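In: how would this look folded up:
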Amino acid sequence: MSKTKHNFTEGLEMTTDINRFQLFNHGGVFVVVAMLLGCASPPPLSEAGARVRAITRDQAKDCRFVRVVQYNQREMTTGKTTTVLKAIGETNIRNAVASHGANAFVLIKEETDWFLGTMDYQAEAFSCP
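Out: So this is what the prediction gives:
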């Protein structure tokens, strides 16, 4: 523990105890609070993901099935509205479909829970002409 003396213009002295461990703890608390208070926002849509489109089951009949893709996440930030959670889920599904070489998908599961911040998306990926 170190002591620092502060001289004020009126000749008064104030002695402050500085405990470095306490400062670190306050800094650690600040980092955790800052992480939890970050705002939820959709991730960037990849270049390939921007070319992926949602299709109907009827449209999928003319396409080649690639695989089932899914995205599950829990968002632990503030600002998580249902609209934001849906945007996050859809953007990640589009990016996942594109990462498997497909250019279209049929969404088969779309669950969001605003209170818990959970997203559960599942889609069938297709390669369409």
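In: Next one: E75 from V68, what distance?
Out: 23 Å (C-beta to C-beta, to the nearest Å). C-beta coordinates here come from the backbone N, C-alpha and C atoms, glycine included.
In: same question, A125
Out: 7 Å.
In: Of these two, which one has the most company?
Out: A125 (24 against 13; other C-beta atoms under 10 Å).
In: Would you mind confirming that that one is in contact with V97?
Out: Yes: if you go by C-beta atoms under 8 Å, A125 and V97 touch, sitting 4.5 Å apart.
In: So for the two, which residues contact both of them?
Out: Listed as contacting both A125 and V97 by C-beta atoms under 8 Å, 6 or more residues apart in numbering are V66, V69, A104, F105.
In: what about the first one, is that helix, strand or coil?
Out: Judged by DSSP: H, G, I helix; E, B strand; the rest coil, the three-state class of V66 is strand.
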